[in-house]
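1. Everything below, folded, please.
(chains A, B, C and D)
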Number of protein chains: 2
Amino acid sequence: MTPLPKQPVRGSDTGRPIMAALDLLGRRWCLRILWELRGPPMTFRALQAACGEISPSVLQQRLKDLRAARLAAHDGEGYVLTATARALLPALLALQDWSEAWAAEIAAAASEEEQHGTEGKSEQ
Amino acid sequence: MTPLPKQPVRGSDTGRPIMAALDLLGRRWCLRILWELRGPPMTFRALQAACGEISPSVLQQRLKDLRAARLAAHDGEGYVLTATARALLPALLALQDWSEAWAAEIAAAASEEEQHGTEGKSEQ
DNA sequence: CCTATTGCTATTAATTCAGTAGCACAAGAG
DNA sequence: CTCTTGTGCTACTGAATTAATAGCAATAGG
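-> Residues are numbered from 1 along each chain as shown, chains lettered A, B, ... in the order given. The predicted model follows:
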């Protein structure tokens, strides 16, 4: 069952659109698929390869969800994002920027732990 | 295993931060938990209730991931987002706005299908 | 001592995902 | 027509993840 606005979804039966979005986008591979489809049309198998050889059964299921949610479509060239889905791309690009800062934060925390946890070892 | 930048994650072994972010945030309940934690600190059980009585084992697993990723922390008041995680909130608010437009699009598509598929019924 | 709340764990069942093989269809080459 | 190639997609089985329930240890208040 594909989560859609105006109907109950996992963890919320209020029908609020944000809840359906959090449910749908929170499914495994869903964000990744949207990310990989941000460019030109991709065939099923190209998309599969882009996602690191995701199994076709799962990709098929996710594409079915995304099509039911009108976020992806399949035309003669391959799979593409709908206009509605492309409106989500700025948020994904923001996520990319954020992830860089996140990586820096993780790296800083790691080297900080090195100070406390491996003082002896750092000497040798 | 918690997906982190600078290391291979599901579907990508390049270590690119965006890939770790897509993997982590794409796990079930993860986005929802970040969403529910956007406000004041919440106890474990309050968070559980906010997520619609999510089972404690899954919530525990997700909180473990989020803490390993330094996106959530547990202080005396309860669970809160870290500064890094709060930097993600604008994107989540953008997602909320987007979801409203998405809902409108779905509603429009539904009433359009009614024109084609259930012409008789719309007359009753 | 009794009660209530906290974070958390253990156990088992249900669901989802992964991996593999292969089908039906269409287009192009010979 | 036949052979090959690429397409979207399905079936099947085992592995991993998630769900649901019960309950524990620690803490605080009465």
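2. Please make it C-alpha for all contacts and neighbour counts, starting now.
-> Fine.
3. Report the helix or strand with the lowest average pLDDT across chain A.
-> helix A:119-123 (a mean of 47; mean pLDDT, DSSP states H and E).
4. how much space between the closest residue to A:Gln48 other than its chain neighbours and A:Arg62?
-> Take A:Gln48 and drop its neighbours on the chain: the residue closest to it by C-alpha to C-alpha, 6 or more residues apart in numbering or on different chains is A:Ile54, 5.5 Å away. Distance, A:Ile54 to A:Arg62, using C-alpha to C-alpha, to the nearest Å: 11 Å.
5. For the residue nearest to the spatial centre of chain A, give me its contacts.
-> Nearest to the geometric centre of chain A sits A:Leu31, at 1.5 Å (C-alpha atoms, centre = their mean). By C-alpha atoms under 8 Å, 6 or more residues apart in numbering or on different chains, A:Leu31 lies in contact with A:25, B:22, B:26.
6. Could you take those and lay them out as a markdown table, with extra columns for distance to B:Leu47, neighbour count and secondary structure?
-> Below are those laid out as a markdown table (distance: C-alpha to C-alpha, whole Å; neighbours: other C-alpha atoms under 10 Å in any protein chain shown; DSSP: H, G, I helix; E, B strand; the rest coil):
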| residue | distance to B:Leu47 | neighbour count | secondary structure |
| --- | --- | --- | --- |
| A:Leu25 | 20 | 23 | helix |
| B:Leu22 | 23 | 26 | helix |
| B:Gly26 | 19 | 22 | coil |
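7. Need these in JSON lines (columns: distance to DNA strand C and pLDDT).
-> Shown next, in JSON lines, are the contacts of A:Leu31 (distance: C-alpha to the nearest atom of the strand, whole Å; pLDDT from 0 to 100):
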{"residue": "A:Leu25", "distance to DNA strand C": "11", "pLDDT": "97"}
{"residue": "B:Leu22", "distance to DNA strand C": "13", "pLDDT": "97"}
{"residue": "B:Gly26", "distance to DNA strand C": "10", "pLDDT": "95"}
